[in-house]
Each structure stands twice: as structure tokens, then as C-alpha cells.
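[1] compute the structure for the input listed below.
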Amino acid sequence: MNIHPSAIVSPGAELGKNVQIGPYSIIEDNVRIGDDCVIDAHVKVARYTTLGSGCRVYYGALVGEEPQDHRFKKGLVSYTDIGDNTVIREYVTIHRPPFEEKKTIIGSHVLLMSFVHVAHDVIIADHVTIANQTALTGHVEIGQGAVLSGYIKIHQFCRIGALSMVGAGNVLVQDLPPYCLMEKNGYVVGPNTIGLRRAGLDSEQRRAIRRAVKLFFFSGLNSKNAITEILAEPETPEVRGFVDFIATTTRGIISGNPNSIIRKQP
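    Next up is the predicted model:
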């Protein structure tokens, strides 16, 4: 263990093996930090936060702080849970919930780039990448393997599905289904083909996803009829996940771009 003399570590914090803590960092009471974590200089890990093993927290990050919410009451116990091998870059802010015993959850192998803001009650699944200056408001959910570019703003209670990708500068006020590509114009333009290949989905899986995306966003059918057409062929787990996501939306689904090239392709 390597703790800089200027760091302040509460006696009530639990530190794993081979933990490094840099100058002027603060580790509060009721914090658990897993094996092989590296905490850079001027970092604060606030109370009721858990970091899994192998995490790296860079300069100036604020992890597990009280939420920016009028409903929060001093002394309330809520949590921030972060998985293994997650990277939190410079000046990221992550807040715990304003409700007793609730959790803000960030999965394993997540990359949060500089100045990302993760508000209270957010849930981020494994293998998610979020680029610089993107802000997630309260209760946002991000599915596994999703990629968010920089300078994105996401309205509270919105969901972004697994293996989707969001272009830079977008403002999301509705849900983005799994496997979709949303360009900077604010529309879905088709499946996230490159992301699907990188995730190891084979050609048949990608074909089924492409068909589902095309039918739902670009066929001219209403949602109910589009779902009926999507389910007319034998289901794959990916298509079932796509349909279930749409069926459970509370904020509505982002629109497809009427000029997308996928409309013209078979």
C-alpha cells in the first residue's frame, strides 16, 4: 500500500491490497476501495462509496458526493457502487442518491473521460465509454457496451440501450433503443454496425438487428405494426431485447432520420 503523507484517509475506510493514494486526496468514512486501485492527487472519494478492484481515479475527480438535489437530507444513507477496472478521468463528478438506501451504480470496465457528470440514481452497465463533458442527469440508464461521444446532455429518466452509439453534442430527451446509431443531428440513422462487429456479433445477428431497426424507424409503420412485423420472423435474443426496450419506454423513443441511407437499402 502506498499512501502519500498529505492524503487524508478515514480510519473507517477499508482499503484493499496494493492501493495507491496520491497527494491531498480525501477518503471518507464508510468507503471501500478494492485491490490494486490507484487514486491520483486531489481526489475525493466520499462516504458510502465502493470501488471494485483495479480502478483508476485521476486528478481532481469527485466520487460519491452528496447529490445536487433539494430532496437530500443531511445524514441520509445512500450509496455509490463502482465495479472492477473502471477508469474515472480528471474532474469527473459522481453523486449518490437523495433517497435512503438507493444506489448510483457504475459497472466494470467503464471509461468516464474528463469532466463527465454522473448524477444521482444513474445506472451505467459494464463496458460503457462516455467521452468528455457529457452530462447524465438523475435516473438515467446506460446499457452494456454503449458509447457516448462528448458534450452530450441527457434528460432525467432517459435510457440508452446496449451497444448503441450517440454522436457528439446531442441532447437526448427520449430513449435510444439498443444497437442504434444516433448522429449529431439528433436522429437515429441506422444500426451501430461498427459497434456490433467489435462486440463480436456475427452476420446473422447483425442482419436481424438491421431488419428490426429498419422496420421500426424507416418503414413508415406505426410502432405497434412495426413491432408486429419485427416479430414475424424467428426471434433472436438481440431482437427480443430491442422490442422489450421499446415496449417499456416511459419517455418515448427517439425518431429516425427520414433522409437516412438505410431507407434506400434492402
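[2] mind listing what's buried in stretch 203-223?
    205-206, 208-210, 212-218 (16 or more other C-beta atoms under 10 Å). The C-beta positions use only the backbone N, C-alpha and C, and glycine is treated the same way.
[3] just stretch 96-106 next, same as before
    Neighbour-count burial for stretch 96-106 [16+ other C-beta under 10 Å]: 96-99, 103-106.
[4] thought Pro177 was touching Ile253, still the case?
    Yes - taking contacts as C-beta atoms under 8 Å, Ile253 lies within contact range of Pro177: 6.4 Å.
[5] returning to that earlier point: which of the buried residues of stretch 203-223 lies closest to Tyr48?
    Ile209 (39.0 Å; C-beta to C-beta).
[6] need the nearest residue in space to the closest one, chain neighbours excluded.
    Closest residue to Ile209 in three dimensions, ignoring its sequence neighbours and counting by C-beta to C-beta, 6 or more residues apart in numbering: Tyr179, at 4.8 Å.
[7] which ones are touching the one you found?
    Counting by C-beta atoms under 8 Å, 6 or more residues apart in numbering, Tyr179 makes contact with 161-164, 191-192, 195-196, 209, 213, 238, 242.
[8] tell me who's in contact with Asp69.
    98, 120, 138.
[9] A strand includes the last one, no?
    So that's Gly138. No - according to DSSP: H, G, I helix; E, B strand; the rest coil, Gly138 belongs to no strand; its state is coil.
[10] that one: how many residues sit nearby?
    Gly138 is flanked by 19 other residues according to other C-beta atoms under 10 Å.
[11] okay but it is in contact with His120, surely?
    Yes - using C-beta under 8 Å, Gly138 is in contact with His120, at 5.0 Å.
[12] overlap of the contact sets of those two?
    67, 69.
[13] quick revisit: so can I have JSON lines of the contacts of Tyr179 showing secondary structure?
    JSON lines is the format used below for the contacts of Tyr179 (three-state DSSP):
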{"residue": "Gly161", "secondary structure": "coil"}
{"residue": "Ala162", "secondary structure": "coil"}
{"residue": "Leu163", "secondary structure": "coil"}
{"residue": "Ser164", "secondary structure": "coil"}
{"residue": "Pro191", "secondary structure": "strand"}
{"residue": "Asn192", "secondary structure": "coil"}
{"residue": "Gly195", "secondary structure": "helix"}
{"residue": "Leu196", "secondary structure": "helix"}
{"residue": "Ile209", "secondary structure": "helix"}
{"residue": "Val213", "secondary structure": "helix"}
{"residue": "Glu238", "secondary structure": "helix"}
{"residue": "Phe242", "secondary structure": "helix"}
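[14] so can I have a markdown table of these showing distance to Gly75 and pLDDT?
    Output for the contacts of Tyr179, formatted as a markdown table (distance: C-beta to C-beta, whole Å; pLDDT from 0 to 100):
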| residue | distance to Gly75 | pLDDT |
| --- | --- | --- |
| Gly161 | 37 | 98 |
| Ala162 | 37 | 98 |
| Leu163 | 40 | 98 |
| Ser164 | 39 | 98 |
| Pro191 | 48 | 96 |
| Asn192 | 44 | 97 |
| Gly195 | 43 | 96 |
| Leu196 | 46 | 97 |
| Ile209 | 47 | 97 |
| Val213 | 48 | 96 |
| Glu238 | 45 | 96 |
| Phe242 | 43 | 97 |
